[in-house]
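> turn this into a model:
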Amino acid sequence: MSLHTVAAFYKFVDLTDLSALQHILKQFCKDQDILGTLLLATEGINGTVAGPAKGIKALIAFLRADTRFAELECKYSYSEQMPFQKMKVLIKNEIVHLGVPSIRPHQATGISVAPEQWDRLISDPEVCLIDTRNHYETEQGTFKGASDPKTKTFREFPNYVARTLDPTQHKKIALFCTGGIRCEKASAYLLQQGFENVYQLQGGILKYLEKISPDNSTWQGKCFIFDDRLVLDKDFIIPGEL
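Residues are numbered from 1 along each chain as shown. This is a model prediction of the structure:
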């Protein structure tokens, strides 16, 4: 059986040539037999794509050759079936929609915490641990002791913050999400709202599952993902680079 290689990645960076990038990336993915979705906005790039390992490796190398994406971090996994039906490269207002245009994650975000240091951080009783994903995702799995905002979309996160969190009371906040993009943007939002000690899980749940053994993990359940697989088991995660 031939397995498909899946790559999930994002980068907050100023982009101005969206139409040109859209055309170039769509053609490149077509030439490499890659399917999935790439989102482009003035704030950066976000995507999950699948295809032959050779094609995925070529795409990531192509992106990293652009100095704006040189530090692009990817998370890889396998899929027994092609998890996408078509290739889409879309221009959006945001690569992850929070609905707060003043946020600039590439300029200021919370402290990035490596997976190997994550459990130590969240064991601190003063840390408020928040799952920035939506409720249908948290139902599949989450970190032990995490607060669930019970949002239906990420756009509801600012309302959750206004209702629930207070900079004078919540001195340390740790955020996590699937691949890192939502918790990075959420951390930028919290800093804007006056919270000072904000942390985020580097690479998100996917990188944590790649790096941390289940025997030493505080993760509980499975990880919801936005493709035809719906949830991802650790056995299908590819460690490191291709």
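
> measure the spatially most central residue of the chain to Lys30 for me?
Most central in the chain under CA atoms, centre = their mean is Gly179, positioned 2.5 Å from the mean C-alpha point. The gap separating Gly179 from Lys30 is 24 Å, by CB to CB, to the nearest Å. C-betas here are computed from N, CA, C, even on glycine.

> in the protein, which spans are strands?
Assigned by DSSP state E, the strands in the chain fall at 4-12, 35-41, 44-51, 73-79, 87-91, 111-113, 127-131, 141-143, 172-176, 197-201, 219-221, 223-224, 231-232, 237-238.

> for the protein, give me the ranges with low pLDDT.
In the predicted model, the chain carries pLDDT under 70 at residues 1, 228, 230, 233-235.

> how many residues are close by Thr153?
10 (other CB atoms under 10 Å).

> how about the one 5 residues further on?
When counting by other CB under 10 Å, one arrives at 18 neighbours for Pro158.

> first to last residue in stretch 144-155, what's the distance?
24 Å (CA to CA, to the nearest Å).

> how about it: buried residues?
Using 16 or more other CB atoms under 10 Å as the burial criterion, the residues of stretch 144-155 that qualify are Ala146, Pro149, Thr151, Phe154.

> just checking, the last one touches Thr132?
Yes. With contact defined as CB atoms under 8 Å, Phe154 and Thr132 form a contacting pair (7.3 Å).

> find the residues that touch each one of those two.
Contact criterion CB atoms under 8 Å, 6 or more residues apart in numbering; residues bridging Phe154 and Thr132 by contacting each: Arg182.

> in CSV: the strands of the chain, plus distance to Gly99 and mean neighbour count.
Shown next, in CSV, are these (distance: least, CB to CB, whole Å; neighbours: other CB atoms under 10 Å):
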stretch, distance to Gly99, mean neighbour count
strand 4-12, 16, 24
strand 35-41, 13, 20
strand 44-51, 16, 24
strand 73-79, 25, 21
strand 87-91, 17, 18
strand 111-113, 24, 16
strand 127-131, 18, 22
strand 141-143, 24, 21
strand 172-176, 17, 24
strand 197-201, 19, 23
strand 219-221, 29, 14
strand 223-224, 22, 22
strand 231-232, 27, 18
strand 237-238, 31, 18
